[in-house]
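Asks: Pasting the sequence and the predicted coordinates here, then a few questions.
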Amino acid sequence: MRSAEAPLLEARGIVKRFPGVLANDHVSLALPRGEIHALLGENGAGKTTLMNILYGLYQPDEGEILVEGQPVHFRSPRDAIERGIGMVHQHFMLVPPLTVADNVVLGNEPTRDGILLDREGAERRLKELARRYGMPVDPRARIRDLPVGVQQRVEILKALYRNAQVLILDEPTAVLSPQEANALFRVMRELARQGTSILFITHKLHEVFAVADRITVLRRGRVVGTTTPVEATEASLAAMMVGRPVLLRVDKPAAQPGPPLLQLRDLTVLGDRGGVAVDHIDLDVRAGEIVGIAGVEGNGQTELVEAIAGLRPVQAGRVLLNGLDLTGRGSRATIDAGVSHIPEDRHKYGLVLTFSVADNLVLSTVDQPPFSRGPLLNIRAILRFAARLIREFDIRTPSPRALAGTLSGGNQQKAVLAREFSRPQQLLIAAQPTRGVDVGSTEFIHRKIIEARQAGAAVLLVSAELDEVMSLSDRIAVMSNGQLAAIMDARAATPEQLGLLMAGGARRGSLGSDDKVASGNP
């Protein structure tokens, strides 16, 4: 960038207040042309609020936004789009039944002679954009049939179709496999090489070093520093985010496993479209051990967890917990049996967003003392309990009475964790437990999972983060195409070996005599 050239996008002294919360406190940030700029911070630090202001979803209470040195006022995302700013949200804004091309042009449909929809012209331009930036996609494919990594590509192409010069990416790898994330990084570098500026939020520190040119760190709504990957380390960035040193590696004592608590026998589960998602699985999880499930998302992990938690019917086989048959008995019986479930989709299964934080913290126990007396709720007891969990789990909320939907994604996750860890458990199912949470919260969540294991619970961990699976687990089961490709001691596992199995590249029996191949028994 020439010294006289103004930043492509700049925020100066941005202030944004919500009831009881100062979300952005005089935040300033500059984004030159062709730069990839990472924005780091704890959950609730104000990152998404700032992105929403830059995209016109919110208006700042103080401060100003400049595009190429000229002050602008965005009253809506349409204003931001017209000034060359596009945003890809963590939860994609696509219409599943429509085609790729229809989604890309939605609201900006090209016409022929000002009357007829120029579908062929739209498809030609979309193919050219895809070729130019290295994002191959079939314009006529339907969104519902595409893997999540390709859907994200469509979101980026939708912004580029509208001539975006700035791309804002909010947690762009939160739902991607490692392979899809690497493909995204290649696209980001190519976009930057061709002059597009990228501002992206992430909690994954290794991503910053993989792709960012500069890094800005927010803490409690304020900028605490801007640095570069050359000048920083993961430890220094974590300390900037949290305000204290953070343990980045899991520290756990050796496992002392007891008898099997969870036993899956010939378990078969169907997917949403009727096909077999979990294919005759046998698996034991013992008291006092963590069994991690590794696999590329979409290989049956979601259906497996939902079947064990009583949220999805079992086609065949059995789910046993300490000898009790829970097969097909539903989520209430599962909870009563001592199963805690951290779901991968906190909005679908973890929270009622229109309920208060306090109400969400007692969802599974509200019918029990001291929270109810017959048909009457004990509101005072619920609020006392909620206040204790809010302190213990550091849930950033102005009040226990605040709606769960007003919390940041990471604080919503903490609320789910607080509820699930607050009652006795024989089995803890942790599905993507650290998705979308900061490094300080990740350290805390890992510690709570280890504590559950040390207290004698059986822990089933499902994570798209291979490092998380390898560092937390005592044994690792690899899922591929709905089956268990192998079960092995975590201490002997390597990323290369697991990656090969996850991709279906190793046949059963090819791992050596020390590994349990396609067998659930220890």
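Replies: Done, it's in.
Asks: only C-alpha atoms for contact and neighbour calcs from this point on.
Replies: OK.
Asks: so the closest residue to residue 271 other than its chain neighbours is in which element?
Replies: Once flanking residues are discounted, residue 271 sits nearest to residue 277: 5.0 Å by C-alpha to C-alpha, 6 or more residues apart in numbering. Per DSSP states H and E: residue 277 is located in strand 276-286.
Asks: got the buried residues for that strand?
Replies: Under the neighbour-count criterion of 16 or more other C-alpha atoms under 10 Å, strand 276-286 has 276, 277, 278, 279, 280, 281, 282, 283, 284, 285, 286 buried.
Asks: How about stretch 47-56?
Replies: Here stretch 47-56 shows 47, 48, 49, 50, 51, 52, 53, 54, 55, 56 as buried, counting by 16+ other C-alpha under 10 Å.
Asks: got the contact list for it?
Replies: 11, 14, 16, 23-24, 39-41, 58-60, 65, 74-81, 85-87, 168, 170, 201, 218, 221 (C-alpha atoms under 8 Å, 6 or more residues apart in numbering).
Asks: Mind doing that once more with 7 Å?
Replies: By C-alpha atoms under 7 Å, 6 or more residues apart in numbering, the residues outside stretch 47-56 that reach it are 23-24, 39, 41, 58-60, 74-77, 79-80, 85, 87.
Asks: Kindly report the same for stretch 300-315.
Replies: Judged by C-alpha under 7 Å, 6+ apart, the contacts made with stretch 300-315 from elsewhere in the structure are 268-271, 277-278, 319, 327-331, 334, 341, 481-482.
Asks: Selection in PyMOL covering whichever of those are buried, please.
Replies: Selection of the buried residues among the contacts of stretch 300-315 in PyMOL, burial being defined by 16+ other C-alpha under 10 Å:
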select buried, resi 268+269+270+277+278+319+327+328+330+331+334+341+481+482
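Asks: hmm, back to that, OK, contacts around the residue nearest to residue 271?
Replies: Counting by C-alpha under 7 Å, 6+ apart, residue 277 touches 269, 270, 271, 300, 303, 482.
Asks: re earlier: now, which of the contacts of stretch 47-56 sits nearest residue 420?
Replies: residue 41 (25.3 Å; C-alpha to C-alpha).
Asks: quick one: contacts for that closest one?
Replies: Neighbouring residues of residue 41 by C-alpha under 7 Å, 6+ apart: 47, 217, 218, 219, 241, 438.
Asks: could you redo the last one with a cut-off of 10 Å?
Replies: 47, 201-203, 216-224, 237-238, 240-242, 437-440 (C-alpha atoms under 10 Å, 6 or more residues apart in numbering).
Asks: Just the ones in helices from those residues, please.
Replies: 47, 237, 238, 240, 241, 242, 439, 440 (DSSP state H).
Asks: Any chance of a markdown table for the residues you listed, columns distance to residue 353 and pLDDT?
Replies: Below are those laid out as a markdown table (distance: C-alpha to C-alpha, whole Å; pLDDT from 0 to 100):
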| residue | distance to residue 353 | pLDDT |
| --- | --- | --- |
| 47 | 21 | 92 |
| 237 | 32 | 93 |
| 238 | 30 | 90 |
| 240 | 31 | 92 |
| 241 | 27 | 90 |
| 242 | 27 | 86 |
| 439 | 24 | 83 |
| 440 | 24 | 82 |
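Asks: Most neighbours among these, which one is it?
Replies: Most neighbours among the ones in helices among the contacts of residue 41, by other C-alpha atoms under 10 Å: residue 241, with 28 neighbours.
Asks: How much space separates the nearest residue to it once chain neighbours are set aside from residue 142?
Replies: The shortest distance from residue 241 to any non-neighbouring residue, by C-alpha to C-alpha, 6+ apart, is to residue 41 (5.0 Å). Distance, residue 41 to residue 142, by C-alpha to C-alpha, to the nearest Å: 36 Å.
Asks: what do you get for residue 99?
Replies: Residue 99 is 4 Å from residue 142, by C-alpha to C-alpha.
Asks: With residue 433 instead?
Replies: According to C-alpha to C-alpha, residue 433 and residue 142 sit 30 Å apart.
Asks: Look at these two and report which has more neighbours.
Replies: Neighbour count, other C-alpha under 10 Å: between residue 433 and residue 142, residue 433 has more, with 26 against 18.
Asks: Could I get the phi/psi values of that one?
Replies: Dihedral pair for residue 433: phi -70, psi -20, per degrees, to the nearest 10.
Asks: mind listing what it touches?
Replies: Taking C-alpha under 10 Å, 6+ apart as the criterion, residue 433 is in contact with 341-346, 413-414, 416-417, 442, 445-446, 449, 461-463, 468.
Asks: What subset of these is buried?
Replies: Listed as buried from those are 341-344, 346, 413-414, 416-417, 442, 445-446, 449, 461-463, 468; burial here means 16+ other C-alpha under 10 Å.
Asks: what about residue 10, which SS state?
Replies: Here residue 10 is recorded as strand under DSSP: H, G, I helix; E, B strand; the rest coil.
Asks: And the closest residue to it other than its chain neighbours, which helix or strand is it part of?
Replies: Closest residue in space to residue 10, ignoring its immediate chain neighbours: residue 30 at 4.4 Å, by C-alpha to C-alpha, 6+ apart. Take DSSP H and E as the rule and residue 30 turns out to sit in strand 21-31.
Asks: so how far is that strand off the chain centroid?
Replies: Here the centre of strand 21-31 is set off from its chain's centre by 24 Å, with C-alpha atoms, centre = their mean, to the nearest Å.
Asks: so how far is the helix or strand following it from its chain's centroid?
Replies: Counting by DSSP H and E, the next helix or strand C-terminal to strand 21-31 is strand 36-41. Centroid separation for strand 36-41 versus its chain: 17 Å, with C-alpha atoms, centre = their mean.
Asks: How about stretch 210-219?
Replies: The answer for stretch 210-219 is 19 Å, by C-alpha atoms, centre = their mean.
Asks: Same check on stretch 71-82?
Replies: For stretch 71-82, the distance to the chain centre is 28 Å (C-alpha atoms, centre = their mean).
Asks: Where does pLDDT dip in the stretch 151-300 of the chain?
Replies: For the stretch 151-300 of the chain, applying pLDDT under 70 flags the ranges 177, 248.
Asks: Swap in 90 and give it another go.
Replies: 151-153, 170-184, 202-206, 242-252, 272-274, 295-298 (pLDDT under 90).
Asks: what's the answer for the stretch 351-500 of the chain, then?
Replies: 367-368, 373-376, 394, 396, 398, 406-411, 434-444, 464-467, 494-500.
Asks: again, 80 this time
Replies: The model of the stretch 351-500 of the chain has pLDDT under 80 over residues 409, 436-438.
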